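In: Need a 3D model of the sequence below.
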Amino acid sequence: MSEVRKVEFGKNTVDFPEERVDLACAFRWTARLNLHEGVANHFSLAVNDDGTQFLMNRNQQHFSRIKASDLLLLDANDAATMEHPDAPDPTAWGLHGSVHRRCPHARCVIHVHSIYATVLASLADSSLPPIDQNTAIFFNRTVVDEDYNGLAFEEEGERCAAMLTDPSKKVMIMGNHGVLVIGNTVADAFNRMYYFERASETYIKALWTQKTLRVLSDEVAEKTAREIESYPDQGKMHFSELRAILDDEEPAYRN
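Out: Numbers count the residues shown, from 1 in each chain. The predicted structure is shown next:
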């Protein structure tokens, strides 16, 4: 990973061009898939070794319009961040700043209020049972936050970040809120977010039938999860195709 050369506020920097393009692509596709929340929700990507310096979307910008040059370059250890002229959304700083400060393994952090993941987060039991191949991906790989305490300003962000220190937990089902997904790269995190929403949709719609669910055994669910984790370059190739489509249809995202 490249070292951070500078941190600028209120300017469109050209640092980390490929990382910026990947993150801009993730925003555009989240809007295309209708997994966004208007001008709310945030994605971030660590750009230094300890993960404390990161790219993130600006305050109140619609995902469908975000370009690579729009992204802020922030430092989780800069106590004066919210005093800068182009300060990020305070809840984004509270949540993403806390995660990048506490969890160096969380290279890319995606937070959305996508419909089915949020419905799952609204159930008294927000666990995701392995009822098919997609739900099995997340077997023993999620953490459920059952203590929602309002908007994710710094205190709430710190509380959530403390629940993500186990690198094996790649998804936080944020009770009464939404979902937070982490990954090694933008492609990894986006792919996980995409499949978690698909898995949540399958489960919620299965509940609608009011029929008995066919739940996989723990052994088969774990085997399936491991097989998918080792499947060669699936997330990378998925994201590469998404970038190629945008290159043809919305090339301005790269600017």
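
In: Pull out the CA atoms of stretch 241-248 and give them to me as CSV.
Out: The C-alpha coordinates for stretch 241-248 follow below in CSV (Å, rounded to 0.1, in the frame of the first residue of the first chain):
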residue,chain,number,x,y,z
GLU,A,241,-16.7,-6.0,-14.5
LEU,A,242,-18.5,-3.2,-12.7
ARG,A,243,-15.6,-0.8,-13.4
ALA,A,244,-15.7,-1.9,-17.1
ILE,A,245,-19.4,-1.1,-17.3
LEU,A,246,-18.9,2.4,-15.8
ASP,A,247,-15.9,3.0,-18.1
ASP,A,248,-18.3,2.6,-21.0
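
In: neighbouring contacts of it?
Out: 21-22, 25, 28-29, 190, 253-254 (C-beta atoms under 8 Å, 6 or more residues apart in numbering). Every residue, glycine included, has its C-beta placed from N, CA and C.

In: Could you do stretch 110-126 as well?
Out: So stretch 110-126 is contacted by 26, 30, 35-37, 40-43, 95-96, 128, 144, 146, 173-183, 189-190, 192-193, 196-197, 200-201, 203-204 (C-beta under 8 Å, 6+ apart).

In: hmm, try it at 7 Å
Out: Stretch 110-126 is contacted from outside by 30, 35-37, 41-43, 95, 128, 144, 173-181, 189-190, 193, 196-197, 200-201, 203-204, using C-beta atoms under 7 Å, 6 or more residues apart in numbering.

In: Can you check the pLDDT for the closest residue to residue 16 other than its chain neighbours?
Out: Once flanking residues are discounted, residue 16 sits nearest to residue 47: 5.2 Å by C-beta to C-beta, 6 or more residues apart in numbering. pLDDT recorded at residue 47 is 96.

In: distance of residue 47 from residue 102?
Out: Plainly put, residue 47 is 17 Å away from residue 102 if you go by C-beta to C-beta, to the nearest Å.

In: Which residue of these two possesses the greater neighbour count?
Out: residue 47 (23 against 19; other C-beta atoms under 10 Å).

In: Quick check: which element contains residue 205?
Out: helix 186-208 (DSSP states H and E).

In: whoops, residue 246 was the one
Out: Going by DSSP H and E, residue 246 is in helix 234-249.

In: and what of residue 54?
Out: With DSSP H and E as criterion, residue 54 is part of strand 53-56.

In: elements contacting that strand?
Out: helix 17-32, strand 42-46, strand 72-75 (3 or more C-beta pairs under 7 Å, 6 or more residues apart in numbering; DSSP states H and E).

In: Using CSV, write out every CA atom in stretch 147-162.
Out: Provided in CSV are the C-alpha atoms of stretch 147-162 (Å, rounded to 0.1, in the frame of the first residue of the first chain):
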residue,chain,number,x,y,z
ASP,A,147,-27.3,-1.8,21.8
TYR,A,148,-28.2,1.0,19.3
ASN,A,149,-28.0,4.3,21.1
GLY,A,150,-28.7,7.0,18.4
LEU,A,151,-26.7,8.6,15.7
ALA,A,152,-23.1,7.4,15.3
PHE,A,153,-21.3,10.5,16.7
GLU,A,154,-17.9,9.8,18.2
GLU,A,155,-19.1,8.0,21.4
GLU,A,156,-21.4,5.7,19.4
GLY,A,157,-18.8,5.2,16.7
GLU,A,158,-16.2,4.1,19.3
ARG,A,159,-18.7,1.6,20.8
CYS,A,160,-19.4,0.1,17.4
ALA,A,161,-15.7,0.0,16.5
ALA,A,162,-14.9,-1.9,19.7
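
In: Give me the buried stretch members for that stretch, please.
Out: Buried residues in stretch 147-162, counting neighbours by 16 or more other C-beta atoms under 10 Å, are found at 152, 156-161.

In: quick one: contacts of the lowest-mean-pLDDT helix or strand in the chain?
Out: Lowest by mean pLDDT, DSSP states H and E among the helices and strands of the chain is helix 154-161, with a mean of 91. Under the criterion C-beta under 7 Å, 6+ apart, residues 94-95, 97-99, 102-103, 145, 149-150, 152, 172 lie in contact with helix 154-161.
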